[in-house]
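# fold the following for me, if possible:
(one chain, ligands or ions: 1)
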Amino acid sequence: MPRPIHARIDLSALEHNLHLVRRQTSARVMAVIKANAYGHGLLPAADALRAADGFALLDIQEAVRLREAGFRQTILLLEGAFSPEDVALMAEHQLAGVIHSPHQIAMLEACPQRESLSLWLKLNTGMNRLGFVPEQFAPALEQVRRHPAVREVTLMTHFAHADERPGVAAQLERFESLASPYRLARSLANSAALLRYPATHGDWVRPGIMLYGSSPFAEVSAEQLGLRPVMTLTSQLIAVTELQAGQAVGYGGTFRADSAMRIGVVACGYADGYPRHAATGTPILVDGQRTRTLGRVSMDMLCVDLTRLPRAEVGSHVTLWGEGVSVDEVAQAAGTISYEALCALAPRVPQTFR
Ligand SMILES: *Cc1c(COP(=O)(O)O)cnc(C)c1O
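Numbering: from 1, shown residues only. Purely as a prediction, here's the structure:
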């Protein structure tokens with residue numbers, strides 16, 4: 001018997017979440033599938049999202065794999081080319097690429113392609129990570145448009161605070177003032193901006209996390225947004241044991257029983273991608289009932305409170321996150337965000353798609 005841990009990927013939930021995006025906007029939808037589709041599996045996720053107008057990711061080999069699998073949509077490399085060979089591959093496979101810095105323009109100019117290239121010029125409007133600052137923008141655009149192989153240019157930026165205060169106003173204004181002289185397509189919105197700021201939709205929205213059924217906002221649940229969880233991580237109890245009053249459980253003995261209690265041991269640990277920092281009290285389902293984790297998460301197991309689950313036994317079904325207990329709640333209890341928890345799903349966890 002294989003170890004009982006397992007991740008079920010609900011492809012119909014992906015389709016549902018994409019429909020929900022469509023209902024929010026008339027812009028074209030670039031489904032963000034970086035990091036192995038946020039841990040959900042690149043090709044199965046892309047297939048479920050085939051109604052999207054485009055796909056965005058980082059790895060050029062993955063982009064080529066998508067092309068070779070028959071996807072005809074726009075495929076955008078979010079960090080663009082890392083080398084001149086990448087520019088050649090982009091041309092060969094008709095992959096669009098972000099241009100975020102002068103060294104990429106130099107790469108482009110050193111690499112005279114005959115095929116037509118589609119480039120997304122990234123503006124730094126306040127994130128201060130990638131992109132051209134306002135003073136660099138006009139000359140950069142000029143250089144890119146002069147290149148004979150460049151067929152189309154889209155202007156893009158990325159928001160630092162779309163999910164929280166102070167919001168997008170300052171960055172949006174900076175972007176608009178730079179972009180307004182040009183009749184070029186625009187792309188600004190991640191999931192949070194898509195949901196909260198219709199003025200940012202432009203020509204292309206770039207949702208990621210919401211497609212996977214997780215909320216981009218700390219204070220609004222995915223369910224409230226009408227999103228359905230895509231990944232459900234399940235396992236089973238592999239042991240049930242008693243703690244006497246005063247006994248502690250797990251490394252460091254961080255949880256100590258006040259009185260005698262039953263606990264269960266779940267076959268799931270941080271080597272499976274479950275966050276090690278999930279504190280005592282992190283929500284978890286046993287036989288469909290909500291309970292809490294106890295003590296530190298180990299590499300291959302974690303412990304749960306069975307006080308109110310007298311019928312739980314070895315083999316009882318456990319849901320770590322997904323249907324019934326959202327990955328957002330688990331991530332929050334671990335001091336992280338759903339993005340990190342989902343992407344961290346370990347290759348050793350078998351996935352099934354349905
Ligand atoms: C990851 C990413 C997105 C998607 O962000 P979500 O918060 O997951 O919706 C959009 N744009 C860029 C440039 C990104 O890197």
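# what is the burial count for the residue in the stretch 1-150 of the chain that the ligand sits nearest to?
Proximity to the ligand, evaluated over the stretch 1-150 of the chain using Cβ to the nearest ligand atom, is greatest for Val32 at 4.1 Å. C-beta here means a position set from N, CA and C on the backbone, and glycine is covered the same way. A count of neighbours around Val32, defined by other Cβ atoms under 10 Å, yields 27.
# Val230: what's it in contact with?
The contact partners of Val230, by Cβ atoms under 8 Å, 6 or more residues apart in numbering, come to 9-11, 13-14, 17, 40, 211-213.
# contact residues of the stretch 151-300 of the chain facing the ligand?
158, 190-191, 206-209, 216 (Cβ under 6 Å from any ligand atom).
# let me know the pLDDT of the residue of the stretch 1-150 of the chain closest to the ligand.
pLDDT recorded at Val32 is 98.
# how about Gln113?
pLDDT for Gln113: 70.
# could you do Ile209 as well?
The model reports Ile209 with a pLDDT of 98.
# and the residue of this protein closest to the ligand?
Counting by Cβ to the nearest ligand atom, the chain gets nearest to the ligand through Gly208 (2.5 Å).
# tell me how far that residue lies from Ala346.
21 Å (Cβ to Cβ, to the nearest Å).
# quick check: closest non-adjacent residue to the residue of the stretch 1-150 of the chain closest to the ligand.
Sequence neighbours aside, Gly208 is the residue nearest to Val32 in space, at 3.5 Å (criterion: Cβ to Cβ, 6 or more residues apart in numbering).
# contacts only, for the residue of the chain closest to the ligand.
31-34, 38, 190-191, 339.
# where in the stretch 1-150 of the chain is pLDDT low?
Counting by pLDDT under 70, the stretch 1-150 of the chain shows no low-confidence range.
# enumerate the residues of it near the ligand.
32, 34, 78.
# dump those residues into CSV; add secondary structure as well.
Shown next, in CSV, are those (DSSP: H, G, I helix; E, B strand; the rest coil):
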residue, secondary structure
Val32, strand
Lys34, helix
Leu78, coil
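# isn't Gly324 up against Val286?
No - in terms of Cβ atoms under 8 Å, Gly324 does not count as a neighbour of Val286; the distance is 10.8 Å.
# okay, these two: which has more neighbours?
Val286 (23 against 14).
# for Asp10, see how far away the more buried one is.
As judged by Cβ to Cβ, Val286 and Asp10 stand 21 Å apart.
# check Phe137 too.
42 Å.
# which stretches of the stretch 151-300 of the chain form strands?
185-187, 204-205, 231-243, 248-249, 255-256, 261-266, 283-286, 289-294 (DSSP state E, counting those that start in this stretch).
# adding distance to Val220 and mean pLDDT, write those strands out as CSV.
CSV is the format used below for the strands of the stretch 151-300 of the chain (distance: least, Cβ to Cβ, whole Å; pLDDT from 0 to 100):
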stretch, distance to Val220, mean pLDDT
strand 185-187, 24, 98
strand 204-205, 18, 98
strand 231-243, 20, 98
strand 248-249, 34, 97
strand 255-256, 31, 98
strand 261-266, 29, 98
strand 283-286, 18, 98
strand 289-294, 20, 98
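# pretty sure Leu345 is in contact with Gly39, am I right?
Yes - counting by Cβ under 8 Å, Leu345 touches Gly39, with 4.2 Å between them.
# quick check: neighbours shared by these two?
Contacts common to Leu345 and Gly39, judged by Cβ under 8 Å, 6+ apart, are 231, 273.
# higher neighbour count, these two?
Taking neighbours as other Cβ under 10 Å, Leu345 and Gly39 compare with Gly39 leading, 25 against 20.
# need phi/psi at Val230.
As for Val230, its main-chain torsions (degrees, to the nearest 10) stand at phi -100, psi -40.
# contacts only, for the closest residue in space to Pro207 that isn't next to it in sequence.
Leaving aside its sequence neighbours, Pro207 sits nearest to Ser191 (Cβ to Cβ, 6+ apart; 4.6 Å). Counting by Cβ under 8 Å, 6+ apart, Ser191 makes contact with 207-211, 216.
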